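> 3D model of this:
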Amino acid sequence: MSEGCVRTELKLTAQPSAAMGSAQEPEDLDSQAEMVADTVLEVGERLFQVSRRALSLHSRYFEAMFFGGTRESSEHHIVIRGIDAAPFQALLEFTHTAQVLIGQENVTSLLETADFFQFDKVKLLCEKFLERELHVSNCLGLMAYSQHFAFIELHASAMNVALTHWGDVMSQEEFKALPKETLMQFLKSDDLFVPREDVVFDSIMMWIMEDPETRERDFLDLVAEVRVAFLSLSFLDILVKRSKRPGQADTFSRLIRRLDSCPPPSWQNVTLCPYTSRSYDTLYVLGGKRDKEQQELFLFQPKTGTWQACSPLQRRNLTQYAVAAVGNLQSCNSSDASNWD
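Numbers count the residues shown, from 1 in each chain. Next up, the predicted model:
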C-alpha cells in the first residue's frame, strides 16, 4: 500500500443476505464445524481440521472439490500447494465467525487467497477495505488491481480519484507506465478535473516523453482528445512558436510540427470538439462585519464540494459584498452588510 496512507487494520463482518440463507449465521456455522470436522487440509506445511460442509457454504472452490465428484471428494487428507497458511487460516476462521481482520499488511495475500478459493464474501470485504485506503498516490495501481479481480466499485472509485486529481496523478511513476487505452479513457472523460485544458496537453507530452521511440506514433490519437477550444491563448502561442523554429530536432518540437502539418479533425473543426470545459469552476465569496479592516475570502470548488480559506482582503467592507464565479466578478449592493458574516 502507499506510504502516504495511514496504517489501518479493521475487523470486518459479512452481513447475512437472503441468498446466503440461515445456514450462514455464525452460530450455525460454528456448531456445524465442531460437529462435522471430517477432513484434513494441508496448506503451507500446516494441517487444518475442516468441515467440508462449512467450507462449501462459503466457497465454490471447495463445493466443487468436495461435492463435485472429483478425486478429492473421497479423500480425507488433501494437500493444497502454493498457498500460504496465514491467509487460509483467516478464511477458515471466517467460516466460523463471519468476521475477518484486514490490514495493510495482509490485504493483498488475503484477497489473492480468497480469489483462489472463491470466497466471494471475503473478496467483497477486501474491496471495501481497499476503497477506504484510496489515495492519489495509489489510485492508478488500485485501478489496475481492481480490473484483475473484477471489482467494479473499487475501479470506479479509483478512477474518480485520478480524474479529480489529475495534476497530482500525472506526476506519479505509475502514470508514466499507463497503457495507451487507459490514458485514452481518462482523456475522453468529461469528469477530468484540471485547472486549464493546457494541463491535459502537458500530460500527454509527459507520457510520450517517457518512451518516445514507441509512443510517438500515438501522439495524434491522444492529442485529438484535447479540447482545443479551451486551450489558453498563451499556451497556443507557445505551440505555434515551437512549430516555427527552424532546426529544432528534439522530440517535443518534432511532434508539434507534426501536429501543425496534420492536425486531428477536432483541431481543424472546433464543432467536432466537445462543448464542455473541464477546467475548474470556482466561486469566490468575500464578506465580513461592517467596518472591519480586512474581509474574509473563501474559495468554493463545486466539482469537489470543497471550501478553502484564502488570504483576507485588506480593505473595509462598507456597503457591498461581492461574488466572483469562474473569473467573472459581480458586485451586489447589500442594505445590511453588517449582518452578513
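
> any weak-confidence spans in the stretch 151-300 of the chain?
For the stretch 151-300 of the chain, residues meeting the criterion pLDDT under 70 lie at 245-249, 280-282, 288-292.

> show me where it has helices.
When secondary structure is read from DSSP state H, counting those that start in this stretch, the stretch 151-300 of the chain shows helices at 152-164, 166-169, 173-176, 180-188, 197-210, 212-215, 219-223, 233-244, 251-261, 265-268.

> which outside residues touch the fifth one?
The reference is to helix 197-210. Contacts of helix 197-210 from elsewhere in the structure, counted by Cβ atoms under 8 Å, 6 or more residues apart in numbering, are 166-167, 170, 175-178, 183, 187, 192, 194, 215-216, 218-219, 222-223, 225-228, 230-232, 235, 251-252, 255, 277-279. For every residue, glycine as well, the C-beta is placed using N, CA and C.

> quick one: buried residues of that helix?
If you call a residue buried by 16 or more other Cβ atoms under 10 Å, then helix 197-210 has these buried ones: 197-205, 207-208.

> Likewise for the third one?
The neighbour-count criterion (16+ other Cβ under 10 Å) identifies 174-175 as the buried residues of helix 173-176.

> and it, what does it pack onto?
Here helix 173-176 touches helix 139-148, helix 197-210, going by 3 or more Cβ pairs under 8 Å, 6 or more residues apart in numbering; DSSP states H and E.

> Pop the domain breakdown of the protein in here.
9-133, 160-272, 283-339 (automatic domain parsing).

> Which among the helices of the stretch 151-300 of the chain is found nearest to Ser51?
Evaluated over the helices of the stretch 151-300 of the chain, closeness to Ser51 peaks at helix 152-164, with 31.4 Å, by Cβ to Cβ.

> Against which helices or strands is that closest one packed?
Using 3+ Cβ pairs under 8 Å, 6+ apart, helix 152-164 sits against helix 120-132, helix 139-148, helix 180-188.

> Please work out which residues outside the first one touch it.
By Cβ under 8 Å, 6+ apart, the residues outside helix 120-132 that reach it are 8, 10, 12, 14, 58, 60, 91, 94, 98, 100, 102, 107, 110-111, 114-115, 142, 145-146, 149, 151, 153-154, 157.

> same deal with the second one?
The set of residues that contact helix 139-148 without belonging to it, under Cβ under 8 Å, 6+ apart, is 127, 130, 133-134, 151-152, 154-155, 158-159, 161-162, 165, 169, 172, 174-175, 178, 182.

> Alright, calling it a day.
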